[in-house]
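Q: how would this look folded up:
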Amino acid sequence: MTEGNTGELESIRKGLTGWLETQWKDAAELEVSGLKKPEVGASSETLFFDVTWKEKGTQQTKALVARIGTTSGPQVFQVYDLAKQYKIMDTLGKTDVLVPQLYGHEDDPGIIGAPFYLMGRIEGRVPMESPPYHMEGWLGECTPEERSQLWKSGIEAFSKIHKLDWKAQGFEFLDRPERGENPLDQELHFYQEYYDWTREGRTHALCEEAMAWLQANKPQNQEPVSVLWGDTKIGNMIFQGTNCAGLFDWELAHLGNPIDDVAWYMMLDRCLSEGIGVPRLSGLLSRDETVAYWETVSGMKAVNFEYYEFLAYYRFSVIMYRIISVRKETGEWPADDTYDVWNLATNILEKEMALRR
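A: Next up, the predicted model:
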């Protein structure tokens, strides 16, 4: 999917209608309508829509979401594995982790122009990141007490993932032994390869210095291993009031030390405030309070938090390097701008690197 113009949306509507008719054998007079992109909280590869049909003479309706892959053009990641994301959510759906109900996955790009999967729409609100919720939006209208409860509810939601027995639940497919002997080595190998792929002959001196530090200072103790969400942030959560009702976006899920998710949770929030020079909203738990609350609700101890905190700043910096490079390539960003190198992520990474030099 690309621009989402009227003609393209109509083609997608027809494709989804035909596909659902083959999947829902008992659905008569099935119609797909109201296709639209979400206003906040999701990428351009997401569409909302409604399905109505009759089943045994009774009118039925569902509000669904289509997560759509890409088949051409520059991408943020080398591989966008929708099947893997679907498998993660399907496996989590058998646990108490708050994921949407799933309604099928399709690898054939011929149906709507790209692979896709369907999931139920969870009603609620998502804290927006463009512009960041620290600057404007409904989160700023909440009281400090409400924001505190919302932040804690997010921690409670993702800590459920960490408490799973990843082997017993069938998450061996997240192991990447070809990249390293343990999850940390695998993650470092992935991001070194990712950096080499995205820089296209250029050099990002700060990111290279950070990776050298990460390699030289790897924790030597035996670390706990859990399933990690990978993109742990309130911008990937749906809230009903101050309660988290659902988690979405699983493309960064992997195995590792569960404190990694806590570090990413704090990192992203700091980048969206200090990284762009705006005050952080009051009521949101501090760094130390966040770690302590996660320890309380997960029943685990934070191990090597500072290392994973620095790793989070590095990873986000490399991802931002790629995102802006893609936008330059597509003409969405000025070609001579330096935001790919100096941005909300690298502003913080530089401060953290300075403490380690």
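
Q: residue ranges with poor pLDDT in the stretch 51-200 of the chain?
A: Within the stretch 51-200 of the chain, the stretches with pLDDT under 70 are 71.

Q: swap the cut-off to 90 and go again
A: Residue ranges of the stretch 51-200 of the chain with pLDDT under 90: 56-57, 69-81, 130, 200.

Q: number of nearby residues for residue 96?
A: 10 (other Cβ atoms under 10 Å). For glycine as for every other residue, the C-beta is placed from the backbone atoms N, C-alpha and C.

Q: how about it, nearest residue that isn't a chain neighbour?
A: residue 160 (5.6 Å; Cβ to Cβ, 6 or more residues apart in numbering).

Q: for the helix or strand where the one you found lies, packing partners?
A: Taking DSSP states H and E as the definition, residue 160 sits inside helix 144-162. Counting contacts by 3 or more Cβ pairs under 8 Å, 6 or more residues apart in numbering; DSSP states H and E, helix 144-162 is packed against strand 226-228, strand 237-240, strand 243-247, helix 259-271, helix 287-298.

Q: ok, 7 Å please
A: strand 226-228, strand 237-240, strand 243-247, helix 287-298 (3 or more Cβ pairs under 7 Å, 6 or more residues apart in numbering; DSSP states H and E).

Q: quick one: the helix or strand that it is followed by to helix 259-271, angle?
A: On the C-terminal side of helix 144-162, the nearest following helix or strand under DSSP H and E is helix 183-199. Helix 183-199 runs at 40 degrees relative to helix 259-271, counting by axes from the mean of the first three to the mean of the last three Cα atoms, to 10 degrees.

Q: now helix 183-199, how far from the chain's geometric center?
A: 18 Å (Cα atoms, centre = their mean, to the nearest Å).

Q: same check, this time on stretch 265-276
A: Per Cα atoms, centre = their mean, the centroid offset for stretch 265-276 relative to its chain is 15 Å.

Q: now it: mean pLDDT?
A: For stretch 265-276, mean pLDDT is 98.

Q: what's the span of it from first residue to last?
A: With Cα to Cα, to the nearest Å as the measure, stretch 265-276 spans 17 Å from end to end.

Q: mind listing the strands in the protein by residue range?
A: Here the chain has its strands, by DSSP state E, at 28-36, 46-55, 58-68, 102-106, 116-120, 226-228, 237-240, 243-247, 254-256.

Q: comparing those strands, which comes out most buried?
A: Using mean count of other Cβ atoms under 10 Å, the stretch among these with the largest mean neighbour count is strand 226-228, at a mean of 25.

Q: that one pairs with which strands?
A: The pairing partners recorded for strand 226-228 under DSSP bridges are strand 254-256 (antiparallel).

Q: off-centre distance for the partner strand?
A: 14 Å.

Q: can we start the residue count at 367 from this point?
A: Let's use 367 as the start, then, which means that last one is strand 620-622.

Q: can you list the residues that contact it?
A: 532, 540-541, 549-550, 553, 591, 593-594, 596 (Cβ atoms under 7 Å, 6 or more residues apart in numbering).

Q: for stretch 530-549, same thing?
A: So stretch 530-549 is in contact with 453, 457, 461, 551-552, 555-556, 591-593, 619-622, going by Cβ under 7 Å, 6+ apart.

Q: if we go to 10 Å?
A: Here stretch 530-549 makes contact (Cβ atoms under 10 Å, 6 or more residues apart in numbering) with 450, 453-454, 456-458, 460-463, 527, 551-556, 558-559, 584, 588-594, 596, 619-623, 626.

Q: ok, stretch 713-723 next?
A: Outside stretch 713-723, the residues touching it (Cβ under 10 Å, 6+ apart) are 572-573, 575-576, 579-580, 583, 633, 636-637, 640-643, 672, 675-676, 678-684, 686, 708-709, 712.

Q: and these, which are buried?
A: 572-573, 575-576, 579-580, 633, 636-637, 640-641, 675-676, 678-684, 686, 709, 712 (16 or more other Cβ atoms under 10 Å).

Q: returning to what we had before: now render the strands of the chain as JSON lines, adding distance to residue 568.
A: Listed next are the strands of the chain as JSON lines, based on distance: least, Cβ to Cβ, whole Å:
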{"stretch": "strand 394-402", "distance to residue 568": "38"}
{"stretch": "strand 412-421", "distance to residue 568": "31"}
{"stretch": "strand 424-434", "distance to residue 568": "30"}
{"stretch": "strand 468-472", "distance to residue 568": "36"}
{"stretch": "strand 482-486", "distance to residue 568": "34"}
{"stretch": "strand 592-594", "distance to residue 568": "29"}
{"stretch": "strand 603-606", "distance to residue 568": "35"}
{"stretch": "strand 609-613", "distance to residue 568": "35"}
{"stretch": "strand 620-622", "distance to residue 568": "26"}
